[in-house]
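Trainee: Dropping the sequence and predicted coords here.
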There are 2 protein chains.
Amino acid sequence: MATVMIGLPAVLPAPPSSVLLAELNELEPIQAGRAALPPLGSGSPAPPSLAAAAAATTTAAAAATTHSLSVTSSAHTGQCSSRLPRHGTELTMAAVQQNTLDFQLSVTADGNTIIKDLQPIFQEQEMTETVHAWEDHGYLATYTGKNGSFATVRIYPRGLVLIDVQCSDEPQEKASAHQILNKIEEKMQEILHNSIRQVKRLPALVRGAPVDRYWPTADGRLVEYDIDEVVYSKESPYQNIKIMHSKQFGNILILNGDVNLAESDLAYTHAIMGSGKEDYYGKEVLILGGGDGGILYELVKLNPKMVTMVEIDQMVIDGCREYMRKTCGDVLDNLKGDCYQVLVEDCVPVLKMYAKEGRTFDYVINDLTAVPISTSPEEDSTWEFLHLILDLSMKVLKDDGKYFTQGNCVNLTEALTLYEEQLNMLSCPVQFSKEVVCVPSYMELWVFYTIWKKRSGS
Amino acid sequence: MATVMIGLPAVLPAPPSSVLLAELNELEPIQAGRAALPPLGSGSPAPPSLAAAAAATTTAAAAATTHSLSVTSSAHTGQCSSRLPRHGTELTMAAVQQNTLDFQLSVTADGNTIIKDLQPIFQEQEMTETVHAWEDHGYLATYTGKNGSFATVRIYPRGLVLIDVQCSDEPQEKASAHQILNKIEEKMQEILHNSIRQVKRLPALVRGAPVDRYWPTADGRLVEYDIDEVVYSKESPYQNIKIMHSKQFGNILILNGDVNLAESDLAYTHAIMGSGKEDYYGKEVLILGGGDGGILYELVKLNPKMVTMVEIDQMVIDGCREYMRKTCGDVLDNLKGDCYQVLVEDCVPVLKMYAKEGRTFDYVINDLTAVPISTSPEEDSTWEFLHLILDLSMKVLKDDGKYFTQGNCVNLTEALTLYEEQLNMLSCPVQFSKEVVCVPSYMELWVFYTIWKKRSGS
């Protein structure tokens, strides 16, 4: 029966001291994959997502790791030959900006008057007006500009005035859009002054851009990244692979639309390796997945006896070897080293083989995508597959060994509960503990699990 | 001349071990204030924002702090008597949902055909159509529903099809909106299959809600929080004060629209206290600002000789004393304690008085809003004010003392450079170091500064 270890309080204490910077502009913030377990009841897996959430705060302990300050990573130099070729259409395809401006009134909204008062602002831009009036639902005024821009003014009688201005994402049109919105704000203050409870003007949504900045969190929130470049973009036999550059987080590995690991996210790797509590010297470690090389790179520094990493997707390895070097260093340059080997295979048959051979490990680190890529026929659903991975892992885990994995974002409590129920249903009884980690590039807190075999008599 | 200390590499190492959890549902993720220095050249300050960015990752070191696991904070119980009274209109004012669905095509878009093909989907919902056609800019089809919902289909000839569906944020309308979007996706795949390069469907934007979930980052990105309640909302003589509850970050202090500090953000406090490298035993400390009580609470545990905190806004103290107890504990329950005193005053006159008296401190911790609330007439601009604070602080800092402050988000390189130039222009020469910290609730990396007097001969 799985038991939760009750330990330290829930308030996350501060991390140890931060890293000093030489040059702010050379800051390569932290590093890998947000991956949410599928919602309850989903038979077919959601698109697989790598489970790599590394909390990236600076620590004195980790400051001992020798990451280079160099900014020669190809993502940052103009002379990079491995940059994604830009198609002609991508260069000329301007994106679109959607600006929103919302007013909450403390009175009912007189739509007719508001539209009449705002009209001149649009007329000044030579925009053509169309108005739709509902009997009980207010007004919708639509304005189209000669240059292809358009605006909508939606007035709800209960006191909401919502304005949208859509224009091309280029300087002149953006300036016009901002001018329109500024004038609307002024006018609304003028005509409604004391009745305006709240004005909200959000950063514009950029739509249709070749470089996508929006990667929602596992718990379904809209978040925008400071992404300025697509560094690597491939469709492998297993998944869609993107590596995109973020100003503050460095290169980010995104698998099937899920943020997996950024170069800044060393704290993920640290957490999934047991948060500094383990002694890996002379140990035998099995990594499931881990194609970004982050765990392998950190492990190899700790003089293990042998690390075996089983990653199914060569193209993830290729992309990370080249573009995530702050995460993997040079460890992916060769699939074999003094104390490690990388098998580019599906881990399930490998696990079965090891179980059959009676091979065991001190540590099994599950860095698979949360909805793993299964090539095994017997797993009908993600949860069955996860159960299989857990069972097989326990078979190859030494009796006093530890199993580490990432779980889910802290808000997806149902999925986390379901996962813990799975832990209760394994062939061998286990205990587990969990911890919450902050992964800089994730924008949501993430839960990591440590699982071990319940010892007889305990 | 200010010198940057070159030290540890730019990659943020992993934090030490994380905090164990007893119950996921009781998890109170990390804690206070993003505040950006104003952009270059701004004479009048942008709305003040508290500078509280705490990196919140779990650490073994900080695990020694005794924060309670209790979830009796009033923000979380139904019986909370101090919850914000709900006005009738707020309860009945349903918010609005804006759904977006974007297609990037690899061919030019035949707007006429696309509109005709999508028409039945809207007709099925008994929506009324209006179409505007440009000569060279494509089409805009607008659909209005009987229940007040509406949709726009904007087709750009270069191969962008952008769809918006706006509806009330209530279950039935949301379901209809999703149905429309699902059918559009199906239809588009059907008619354009191989020509669709990308489909993007973001989480809906919620507009006009009484509980605002959107608090853009200092570097201007749109981010949505898991905020579900307004806990405290006041307009003080100095600023707009809100405390809002986030599922994962706990209560969040937001001043003048800037996220300042969340209950989960202990790492901010840790960073601004010198990241665990300082010995506060028997020391004299001056805190400028710090009304959330976070720094004071942590300091008091370390047996300082005397901590003096000078906060201008009583209502910030009041709100945090009640609703940010994971941050301030009980330290704000009394303005005086064995080893501390809280002065509710403008810190500038206090600093001048201390300077005149020749009073000095081992540490000066600047936790003012980045665009501080100045009641002094001589500061025309924010940068002049910051300069004044720095000069006065150096006057009251012992020769071997340290000054800590938060700077800005890591991406605002110009503002950071400007700040460092200020450091070069102080009455006494100083040196400084900086570090990058991850503050969970900030969703952006933050820079902290340590400043000290340049010693003669060094």
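Mentor: Ah, there it is.
Trainee: Residue A:213 reaches residue A:225, doesn't it?
Mentor: Yes - counting by CB atoms under 8 Å, residue A:213 does reach residue A:225; the two are 5.1 Å apart. In this view, the C-beta of every residue, glycine as well, is placed from N, C-alpha and C.
Trainee: Looking at the two, which one has more neighbours?
Mentor: Taking neighbours as other CB atoms under 10 Å in any protein chain shown, residue A:213 and residue A:225 compare with residue A:225 leading, 26 against 18.
Trainee: List the residues that are in contact with both of residue A:213 and residue A:225.
Mentor: Shared between the contact lists of residue A:213 and residue A:225 (criterion: CB atoms under 8 Å, 6 or more residues apart in numbering or on different chains) are residues residue B:221.
Trainee: how's chain A carved up into domains?
Mentor: As assigned by automatic domain parsing, chain A contains the domains A:47-61+A:94-209, A:214-259, A:261-453.
Trainee: Quick one: residues contacting residue A:293.
Mentor: So residue A:293 contacts A:317, A:320, A:321, A:324, A:327, A:328, A:329, A:331, A:332 (CB under 8 Å, 6+ apart).
Trainee: doesn't residue A:177 fall inside a strand?
Mentor: No - checked against DSSP: H, G, I helix; E, B strand; the rest coil, residue A:177 lies outside a strand; its state is helix.
Trainee: Let me see the contact set for it.
Mentor: A:97, A:99, A:149, A:165, A:167, A:204.
Trainee: is it possible to export those residues to TSV including neighbour count?
Mentor: Output for the contacts of residue A:177, formatted as TSV (neighbours: other CB atoms under 10 Å in any protein chain shown):
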residue	neighbour count
A:97	23
A:99	20
A:149	22
A:165	28
A:167	25
A:204	21
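Trainee: Can you flag which of these belong to strands?
Mentor: A:97, A:99, A:165, A:167 (DSSP state E).
Trainee: which element is the closest residue to chain B within the stretch 151-300 of chain A on?
Mentor: Taking CB to the nearest CB, chain B has its nearest neighbour within the stretch 151-300 of chain A at residue A:270, 2.5 Å off. Element membership for residue A:270, per DSSP states H and E: helix A:266-272.
Trainee: avg pLDDT for that helix?
Mentor: Helix A:266-272 comes out with an average pLDDT of 97.
Trainee: That helix: what's the following helix or strand?
Mentor: Sequence-wise, the next helix or strand downstream of helix A:266-272 (DSSP H and E) is strand A:284-289.
Trainee: Can you name the element that comes right after that following strand?
Mentor: Counting by DSSP H and E, the next helix or strand C-terminal to strand A:284-289 is helix A:294-300.
Trainee: how about the following helix or strand past that next one as CSV, C-alpha atoms only?
Mentor: Toward the C-terminal end, the helix or strand that comes next after helix A:294-300 (DSSP H and E) is strand A:306-310. Provided in CSV are the C-alpha atoms of strand A:306-310 (Å, rounded to 0.1, in the frame of the first residue of the first chain):
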residue,chain,number,x,y,z
MET,A,306,26.9,2.6,-15.2
VAL,A,307,24.0,4.7,-16.5
THR,A,308,21.7,3.1,-19.2
MET,A,309,19.4,5.5,-20.9
VAL,A,310,16.6,4.2,-23.2
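Trainee: buried stuff in strand A:306-310?
Mentor: Residues of strand A:306-310 classed as buried: A:307, A:308, A:309, A:310 (neighbour count, 16 or more other CB atoms under 10 Å in any protein chain shown).
Trainee: What of stretch A:326-339?
Mentor: Neighbour counts using 16+ other CB under 10 Å place A:326, A:327, A:328, A:329, A:331, A:332, A:339 of stretch A:326-339 among the buried residues.
Trainee: mind checking how far residue A:150 is from chain B?
Mentor: For residue A:150, the distance to chain B equals 6 Å [CB to the nearest CB, to the nearest Å].
Trainee: For that residue, give me its contacts.
Mentor: Counted by CB under 8 Å, 6+ apart, residue A:150 has contacts A:127, A:142, A:143, A:144, A:165, A:166, B:132, B:140, B:152, B:154.
Trainee: Show residues contacting stretch A:451-458.
Mentor: With CB under 8 Å, 6+ apart, stretch A:451-458 has contacts from A:1-3, A:390, A:394, A:397, A:399-405, A:423, A:428-432.
Trainee: quick one: average pLDDT of it?
Mentor: The average pLDDT for stretch A:451-458 rounds to 82.
Trainee: Output it as CSV, nothing but the C-alphas.
Mentor: Extracted C-alpha coordinates of stretch A:451-458, given in CSV (Å, rounded to 0.1, in the frame of the first residue of the first chain):
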residue,chain,number,x,y,z
ILE,A,451,8.9,5.7,-5.0
TRP,A,452,10.5,2.8,-3.2
LYS,A,453,9.7,-0.8,-2.4
LYS,A,454,8.0,-1.3,0.9
ARG,A,455,10.3,-3.2,3.1
SER,A,456,9.0,-6.2,5.0
GLY,A,457,8.4,-5.3,8.6
SER,A,458,8.1,-1.6,7.9
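Trainee: Spell out for me which residue occupies the centre of chain A.
Mentor: residue A:259 (2.7 Å; CA atoms, centre = their mean).
Trainee: wait, isn't that residue in contact with residue A:446?
Mentor: No - the criterion here is CB under 8 Å, and residue A:259 misses it with residue A:446 at 11.0 Å.
Trainee: now the helices: where do they sit in chain A?
Mentor: Ranges of helices in chain A, per DSSP state H, are A:88-92, A:111-124, A:171-192, A:266-272, A:294-300, A:314-323, A:325-328, A:347-357, A:382-396, A:413-423.
Trainee: Which neighbouring elements make contact with the second one?
Mentor: Applying 3 or more CB pairs under 8 Å, 6 or more residues apart in numbering or on different chains; DSSP states H and E, one finds that helix A:111-124 contacts strand A:128-133, strand A:139-144, strand A:150-156, helix A:171-192.
Trainee: Show me what counts as buried in it.
Mentor: In helix A:111-124, counting by 16+ other CB under 10 Å, buried: A:111, A:114, A:115, A:117, A:118, A:119, A:121, A:122.
Trainee: got the residues of the stretch 201-350 of chain A near chain B?
Mentor: Applying CB under 8 Å from any CB of the partner chain, one finds that the stretch 201-350 of chain A approaches chain B through A:202-203, A:205, A:207-208, A:212-214, A:216, A:219-226, A:247-249, A:263-264, A:266-271, A:274-277, A:326.
Trainee: returning to that earlier point: please pick the buried ones from the contacts of stretch A:451-458.
Mentor: Burial by neighbour count, 16+ other CB under 10 Å: within the contacts of stretch A:451-458 this picks out A:2, A:390, A:394, A:397, A:401-405, A:423, A:429-432.
Trainee: Report the separation between the nearest residue to residue A:386 once chain neighbours are set aside and chain B.
Mentor: Take residue A:386 and drop its neighbours on the chain: the residue closest to it by CB to CB, 6 or more residues apart in numbering or on different chains is residue A:422, 6.2 Å away. Distance of residue A:422 to chain B, given as CB to the nearest CB: 15 Å.
Trainee: Now for residue A:422: which residues touch it?
Mentor: Neighbour list for residue A:422: A:383, A:386, A:387, A:390 [criterion: CB under 8 Å, 6+ apart].
Trainee: Pick the one among those closest to residue A:237.
Mentor: Using CB to CB, residue A:386 is the member of those that lies nearest residue A:237, at 21.7 Å.
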